[in-house]
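> Quick one: sequence and predicted model below, then my questions.
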Amino acid sequence: MSQNANNDNIRTGDKKNSSSATTKRSEINNNSDSTVIKVKSVIPRRRQDILKWYGWGYKDSMFQLDGDVAYFTGNRYLIAGKSLPHLQNWAYENFKVDLKKPPKIPEMPTSFPETRLPADIRQELEGIASVSVDGMDRLIRAHGQTLKDISDLRGNKFPRIPDAVIWPESHEQVEQIVKCASKHGFVIIPFGGGTSVSGAVTCPPKEQRPIVVLDTSDMNSILWLDKEQLLARVQAGIIGQDLEREMRARGFTVGHEPDSYEFSTLGGWVATRASGMKKNTYGNIEDLIVQTKVVTARGVLEKSCRVPRISCGPEFEHIVMGSEGCLGVVTEVTLKIRPLPPVVQYGSLVFPDWDSGVQFEREVARQRLQPSSIRLMDNEQFRFGQALKTESSWGGVFLDGLKRIYITRIKGFDPTKLCVVTLLMEGTAEDVAEREKKLNSIAAQFGGIPAGAENGERGYTLTFVIAYLRDVAMEYGIVAESFETSVPWDRTAALCSRVKRRIRDECAARGIQHYLISCRLTQTYDAGCCIYFYFAHNSEKFIDPVATYEEIEEAARDEIIASGGSISHHHGVGKLRKKWYTDTVSEPGRQLLLAAKRALDPDNIFALRNMALDEYDGDQEDIGIKSKL
């Protein structure tokens, strides 16, 4: 299925806001737009007006159960408004939950800790930008999207929340805020879209100084657009879907599309060293960045020239990328952009088993034939896709009618073992056709057969609604989370097998009988790939189900490391994975991080305590942390 990319609206965003009429601009000439484009974001400052305060995503979009049928509400996603007749049976078969019980949806809290920000400091900040000490404004920005974050949020049990929120609109205002923090000794936590799944933005619970969240969402302008050089200068608070919508309206794309791009920000992508689903064509964030501007406690960190590459000692831009808010605030980014591809085409392939699919992906990478996106789902995820099919479509097409007979009887595929690859190809019609032909030829070598464009598109866009499942799962006593790693090709199969076995063993040791563990291969490279794991279990018998889940995930991460995998592919370290940080980077690497902290933030103004920047041990003395209050 092909389509003209110039007319390809963003499927996952607010359809009412997809028009380019949300901005005003004046064209200087055919090749440049030097007028600042002030973007009207689909996410307002009062996030709770449009987003769920207690979970993921839009408040009008969720899975709901109605009698014997589940459905997805709203109109923002492809499955929205359609019944999902197989989801409840799948949930009962895997988790044995009582779906007739009413869901446990939390009440919005009405009491919050008093702000610790002194009135005179608040007044000084109000002279710079808008400030709020409203309880809900503070609570909503007290967390990311980890399982523990959402559990604490629903129970209003954070040991510490921010004392104020401030919304700067410019780089200069950020400079003033950071100088104010240095003068008065309060803490700044940079906050973008709040989609972190590493605990990176969670307030350190024993921090005694006032904590101010610097919300970047009002810094969302496109400062200039150079159509000849294919570059754009963008404020770091812009969220992904807004950036892509505005670029598409002008005939361009950034192409960076992480699972969270509806809500995550450009600055967040930089701070976490993010990766997107279409990185094969457009690159990871480190491939897209030409220049960053960062406000630190010691001044502004920025290269003096905007050039494609520079040999000038260690690359400081790479210290900023992955710094997780601990060194400063990213305010502006110069990005590469590309003209919209004339053709966007989805596809899918079915393989008899996981190993065949992995071998196919490895060969595609070896020949450097990856399309924009190529992802392999294991059998558990395939069957989950069956559960999410509507009355007429999605993954169930694989096993319907003549295709079911062909795949299972003629080809002999076992429905309990087969796996699915989804494809997204972009380019000219000739390029896409040639790529598809080559991919099908390689697939045939490993027993794979084409399964259609519709399945590919449904599988790709389904990514954006998976996160909504955790909310409804929690409401019925199921805890669930995903975690990822990168791994060399020669260890991929063994790592997947060992991690699944380790989780099964950990569940057995705790008497957990009803659970699900699945994985998918999401990004490929010359030297290896990214593997995502999804794990969920019935938690009704546990006093602290989140702690139990975290114990099992920690054991799984130990197994990942032992099997040759990384601490993370793109989620970052934060507070959840700091246990493995030093072993990953070596002791000299840890000291290098501490040295950067000493140089850029000697008073620990950006006191998030991520990575090796520990909270209460001797490292505080090492980096010269001193409270001025």
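Arrived safely, thanks for sending. Numbering: from 1, shown residues only.
> Which residue ranges of the stretch 301-450 of the chain form helices?
317-320, 354-366, 379-387, 401-404, 429-445 (DSSP state H, counting those that start in this stretch).
> can you check the stretch 1-150 of the chain too?
87-95, 119-126, 135-140, 147-154.
> can you tell me which of these comes nearest to T253?
With CB to CB, the closest approach to T253 among the helices of the stretch 1-150 of the chain belongs to helix 135-140: 30.4 Å. Where you see a C-beta, it was placed from the backbone N, CA and C, and this is true even at glycine.
> Who are the packing partners of the closest one?
Judged by 3 or more CB pairs under 8 Å, 6 or more residues apart in numbering; DSSP states H and E, the packing partners of helix 135-140 are strand 164-167.
> To M62, which of the helices of the stretch 1-150 of the chain lies closest?
Per CB to CB, nearest to M62 of the helices of the stretch 1-150 of the chain: helix 87-95, 12.8 Å.
> got the buried residues for stretch 592-607?
593-594, 596-597, 600-601, 603-607 (16 or more other CB atoms under 10 Å).
> Can you pull the domain assignment for this structure?
219-296+308-339, 343-465, 476-578, 582-628 (automatic domain parsing).
> for the closest residue to N284 other than its chain neighbours, what are its contacts?
Leaving aside its chain neighbours, N284 sits nearest to S275 (4.6 Å; criterion: CB to CB, 6 or more residues apart in numbering). Contact analysis of S275 by CB atoms under 8 Å, 6 or more residues apart in numbering lists 258, 284-285, 523, 530, 569-570.
> quick one: which of those is nearest to A236?
I285 (11.7 Å).
> So what does the closest one have for phi and psi?
phi -60, psi -40 (degrees, to the nearest 10).
> That one: neighbour count?
If you count neighbours by other CB atoms under 10 Å, I285 ends up with 25.
> how close does it get to G267?
From I285 across to G267, the span is 11 Å (CB to CB, to the nearest Å).
> repeat for L462
Taking CB to CB, one finds L462 at 28 Å from G267.
> again, but for G357
Taken as CB to CB, the span from G357 to G267 is 36 Å.
> Do I have it right that L495 meets I560?
Yes: contact status for L495 versus I560: in contact at 6.5 Å, counting by CB atoms under 8 Å.
> Tell me which of those two has more neighbours.
I560 (26 against 22).
> Could I get the buried residue list for stretch 119-139?
121-122, 124-125, 128-129, 131-133, 135-139.
> how about the CA coordinates for that stretch, as PDB?
Presented in PDB, the C-alpha positions along stretch 119-139 are these (Å, rounded to 0.1, in the frame of the first residue of the first chain):
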ATOM      1  CA  ALA A 119       8.400  33.700  48.700                       C
ATOM      2  CA  ASP A 120      11.200  36.100  47.800                       C
ATOM      3  CA  ILE A 121      12.800  33.600  45.400                       C
ATOM      4  CA  ARG A 122       9.400  32.800  43.900                       C
ATOM      5  CA  GLN A 123       8.900  36.500  43.300                       C
ATOM      6  CA  GLU A 124      12.300  36.800  41.600                       C
ATOM      7  CA  LEU A 125      11.500  33.900  39.400                       C
ATOM      8  CA  GLU A 126       8.100  35.400  38.400                       C
ATOM      9  CA  GLY A 127      10.100  38.400  37.100                       C
ATOM     10  CA  ILE A 128      11.700  36.000  34.600                       C
ATOM     11  CA  ALA A 129       8.900  33.700  33.500                       C
ATOM     12  CA  SER A 130       5.500  32.100  34.500                       C
ATOM     13  CA  VAL A 131       5.700  30.200  37.800                       C
ATOM     14  CA  SER A 132       3.200  27.900  39.500                       C
ATOM     15  CA  VAL A 133       3.100  26.300  42.900                       C
ATOM     16  CA  ASP A 134      -0.300  24.600  42.200                       C
ATOM     17  CA  GLY A 135      -0.300  21.100  43.600                       C
ATOM     18  CA  MET A 136      -1.400  19.300  40.400                       C
ATOM     19  CA  ASP A 137       1.100  21.200  38.300                       C
ATOM     20  CA  ARG A 138       3.800  20.100  40.600                       C
ATOM     21  CA  LEU A 139       2.600  16.500  41.000                       C
END
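> residues in contact with it?
46, 48, 53, 108-109, 111-112, 115, 117, 153, 156, 158, 161-169, 173, 176-177, 180, 184, 186, 210, 212-213, 218.
> about what we covered before: comparing L462 and G267, which shows the higher neighbour count?
G267 (28 against 19).
> okay, the more buried one: pLDDT?
If you check G267, the pLDDT there is 97.
> next one: the one 5 residues further on
In this model, T272 is scored at 95, pLDDT.
> Then L230?
Looking at L230, its pLDDT stands at 97.
> Out of the helices of the stretch 1-150 of the chain, flag the one nearest L230.
Nearest of these (CB to CB): helix 135-140, 36.6 Å.
> from memory K500 sits against Y515, does it?
No: look at K500 against Y515 with CB under 8 Å: they stay out of range, at 11.0 Å.
> and those two? which has more neighbours close in?
A direct count of neighbours by other CB under 10 Å for K500 and Y515 places Y515 higher, at 22 against 19.
> So that one sits against A536, correct?
Yes: counting by CB under 8 Å, A536 is a contact partner of Y515 at 6.4 Å.
> PyMOL command to pick out the buried ones of the contacts of stretch 119-139?
Burial among the contacts of stretch 119-139 is assessed by 16+ other CB under 10 Å; the matching PyMOL selection reads:
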select buried, resi 53+109+112+115+117+153+156+158+161+162+163+164+165+166+167+168+169+173+176+177+180+184+186+210+212+213+218
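> Near Y468, how many other residues are there?
So Y468, with other CB under 10 Å, has 21 neighbours.
> oh sorry, the question was meant for R47
R47: 20 surrounding residues under other CB under 10 Å.
> Now for it: which residues touch it?
Going by CB under 8 Å, 6+ apart, R47 touches 53, 140, 194.
> And Q381, by the same measure?
By CB under 8 Å, 6+ apart, the neighbours of Q381 are 420, 518-520, 534.
> Those into JSON lines, with extra columns for pLDDT, secondary structure and distance to Q370?
Conversion of these to JSON lines gives the following (pLDDT from 0 to 100; DSSP: H, G, I helix; E, B strand; the rest coil; distance: CB to CB, whole Å):
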{"residue": "V420", "pLDDT": "94", "secondary structure": "strand", "distance to Q370": "17"}
{"residue": "S518", "pLDDT": "96", "secondary structure": "strand", "distance to Q370": "23"}
{"residue": "C519", "pLDDT": "96", "secondary structure": "strand", "distance to Q370": "19"}
{"residue": "R520", "pLDDT": "96", "secondary structure": "strand", "distance to Q370": "15"}
{"residue": "Y534", "pLDDT": "96", "secondary structure": "strand", "distance to Q370": "23"}
